[in-house]
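S.K.: Show me the folded form of this:
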Amino acid sequence: MTTTLECREPSLDLDEPHIDIRAADDGGWDVCLVVEGHALPAGHCSDWHRAERLCARLEARHALPHRAARVLRALLLVLAVLPAQAFAQSEGAAAPALFPDPRVLHEAVTFVAERKAGNGAPENGVYASTGNMITGAGWISGGPGYRHRLLGERAIVDVSGALSWRLYKTAQARFELPALAGDHVSIGAQALWRDMTQVRDADSDYRLRTTNVVGYATVRPEGSAVSMIATAGWLDGPRISSSTGPFDRDLPDTAAGGVPQPSFVHGDLSLVHDTRNHPGHPTAGGLYRGTWVGFRARDGGPYVFTRYETEGAHFIPLAGGRLVVAAHGLGVFSSTARGRSIPFYLLPALGGHNTLRGYSDYRFHDRHLLVANLESRFPLMAHVDGALFVDAGNVAPRVKALDLARTSYGAGVRLHTGASTIARLDLARGDEGWQVLFRLSDPLRLARLSRRTAAAPFVP
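M.R.: Numbers count the residues shown, from 1 in each chain. Below is the predicted model of the structure:
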């Protein structure tokens, strides 16, 4: 006969996770974690004392499976709570919106689409620059840019500057040969200066000014969706000081403020597989990448480390394109030799508009990061999508300690041309309250892939 003992807190409901200890037929004890009526083997112990210790460790973590179950239910809710009309469209038919575009909206979107030539790239001449800003810059940024094609349109020269809501400032100059070897190789160089007036570091903040110069190359084999990207660059010693600018959160200054920082040489190698139909506003296909990153301080100090990043996003059209389910995942894993370390402004950071949207920017930092996002999108108008989403992730000092214990959920709208996202507005909630986010980019655009300069501070 099998003996079963339960380790259960009296306050827990029957649907809450609990632990069963069962006498095994061949001697010893089998420990199981029971979640919603399903017994999950947790380990076999040769004696009772080991079983008790395993039971205690599982009890210390018993809230984690319960939270994971809540996250799973929230993910299912994102797919279930949708307009009934989203599934009424027959497969293969067009995907009409619920409401027609107002005329002024239609004309504005048409203007933007024409200006971007339908592919997200401005034509020659002056354009409005909204790029090169990072998480924390504020709701909106903008400035002048100028692009010109040279050498029979085989080369591009691009210069721009921008100022953000929180007075972040950026200026960049780029030279690129985008279509060498029959459009299978591109090479370029970029210099980028940034002044980030109020970067959050957990419960403090700081101002960070950086100058970075990089060279980069991309190889795309003929007939393949795979590309290889390599960059090498110089990050001039970042300058850290007290935060400033409008909407300053009035947090204590980061302890490293005023301490000289070394310059870095850095490089990375990426393998990318891209099958998206529209990179700026994908509705089908996917994008996956694996990246190796290396940093070495030039002062001979302890800041030498490598980082491994794996990321993917996939977009699944359902009901004849009437609904798009978007899934995204990112893992970042840091490695240092004995006696080496990572400066705090290059530690992976979690929280903000494209990771955990219910938390403030840079809310959590550590050596390793894991995050997953699930979002459903459905057309409200021809150029306006509604969205429901849920995010889950965490940071940890050790890879084995990573989990998806921190969660957020919310809803939003996306304004787009059909080929690229113009703007989005999200309302998200996490354990620390509500966040309202407005951005001029898609939330699952794999920002680290498009950023050709070192991320200081690190931002997914």
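S.K.: which regions of the stretch 1-150 of the chain sit below the pLDDT cut-off?
M.R.: 1-18, 22-28, 36-38, 45-53, 55-97, 113-123, 130-133 (pLDDT under 70).
S.K.: go with 80
M.R.: Scanning the stretch 1-150 of the chain for pLDDT under 80 picks out the ranges 1-102, 104-123, 129-140.
S.K.: Same check on the stretch 301-450 of the chain?
M.R.: 321, 440-441, 445-450.
S.K.: Recalculate using a threshold of 50.
M.R.: Within the stretch 301-450 of the chain, not a single segment meets pLDDT under 50.
S.K.: can you count the residues close to Ile208?
M.R.: Small correction: residue 208 is Leu, not Ile. Leu208: 25 surrounding residues under other C-beta atoms under 10 Å. Where C-beta positions appear, they are placed from N, C-alpha and C, glycine not excepted.
S.K.: Ok, the one 3 residues further on next?
M.R.: The local packing of Thr211 (other C-beta under 10 Å) involves 17 other residues.
S.K.: cool, and Ser441?
M.R.: Neighbour number of Ser441 under other C-beta under 10 Å is 19.
S.K.: Check whether it sits in a helix, strand or coil.
M.R.: coil (DSSP: H, G, I helix; E, B strand; the rest coil).
S.K.: how far away is it from Ala155?
M.R.: Going from Ser441 to Ala155 by C-beta to C-beta, to the nearest Å gives 26 Å.
S.K.: and if you look at Asp236?
M.R.: Using C-beta to C-beta, we find Asp236 at a distance of 26 Å from Ala155.
S.K.: For stretch 332-349, list every residue counted as buried.
M.R.: For stretch 332-349, the neighbour count (16 or more other C-beta atoms under 10 Å) marks Val332, Phe333, Ser334, Ile342, Pro343, Phe344, Tyr345, Leu346, Leu347, Pro348, Ala349 as buried.
S.K.: Going by distance to Leu105, which of the residues you listed wins?
M.R.: Closest to Leu105 out of the buried residues of stretch 332-349 is Ala349 (35.2 Å), distances taken as C-beta to C-beta.
S.K.: Identify all contacting residues around stretch 391-406.
M.R.: The contact list for stretch 391-406 (C-beta atoms under 8 Å, 6 or more residues apart in numbering) reads 64, 67-68, 71, 330-331, 333, 348-350, 355-359, 364-373, 407-409, 428, 430-431.
S.K.: one step back: tabulate the buried residues of stretch 332-349 in CSV, adding columns for secondary structure and distance to Ser243.
M.R.: Converted to CSV, these look like this (DSSP: H, G, I helix; E, B strand; the rest coil; distance: C-beta to C-beta, whole Å):
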residue, secondary structure, distance to Ser243
Val332, strand, 25
Phe333, strand, 30
Ser334, strand, 26
Ile342, coil, 22
Pro343, coil, 18
Phe344, helix, 15
Tyr345, helix, 13
Leu346, helix, 18
Leu347, coil, 18
Pro348, coil, 21
Ala349, strand, 16
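S.K.: Need those residues in CSV (columns: distance to Gly223).
M.R.: Formatted as CSV, these follow (distance: C-beta to C-beta, whole Å):
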residue, distance to Gly223
Val332, 32
Phe333, 32
Ser334, 36
Ile342, 40
Pro343, 42
Phe344, 44
Tyr345, 41
Leu346, 38
Leu347, 40
Pro348, 35
Ala349, 38
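S.K.: Give the PyMOL command for selecting the buried subset of the contacts of stretch 391-406.
M.R.: Command for PyMOL, covering only those of the contacts of stretch 391-406 found buried under the criterion 16+ other C-beta under 10 Å:
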select buried, resi 67+68+71+330+331+333+348+349+350+355+356+357+358+359+364+365+366+367+368+369+370+371+372+373+407+408+409+428+430
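S.K.: can I see the domain layout of the protein?
M.R.: If you go by automatic domain parsing, the domain ranges for the chain are 4-61, 97-125+142-161+171-450.
S.K.: Number of residues surrounding Arg377?
M.R.: Counted with other C-beta under 10 Å, the neighbours of Arg377 add up to 24.
S.K.: wait, isn't it in contact with Val324?
M.R.: Yes - Arg377 is within contact range of Val324, at 4.5 Å (criterion: C-beta atoms under 8 Å).
S.K.: Pull up the overlap in contacts between those two.
M.R.: Common neighbours of Arg377 and Val324, using C-beta under 8 Å, 6+ apart, are Thr283.
S.K.: thinking again about what came up before, between the domains of the chain, which one is closest to Pro457.
M.R.: Pro457 sits nearest to domain 97-125+142-161+171-450 of all the domains of the chain, at 4.4 Å, using C-beta to C-beta.
S.K.: so how far is the closest one from its chain's centroid?
M.R.: Computed by C-alpha atoms, centre = their mean, to the nearest Å, the chain-centroid distance of domain 97-125+142-161+171-450 equals 7 Å.
S.K.: picking that back up, out of the domains of the chain, which is closest to Ile134?
M.R.: Comparing these against Ile134 with C-beta to C-beta, the closest turns out to be domain 97-125+142-161+171-450 (7.0 Å).
S.K.: Tell me the secondary structure at Asp426.
M.R.: What three-state DSSP gives for Asp426 is strand.
S.K.: Name the nearest residue to it, ignoring sequence neighbours.
M.R.: Of all residues not flanking Asp426 in the chain, Gly412 sits nearest, at 3.5 Å (C-beta to C-beta, 6 or more residues apart in numbering).
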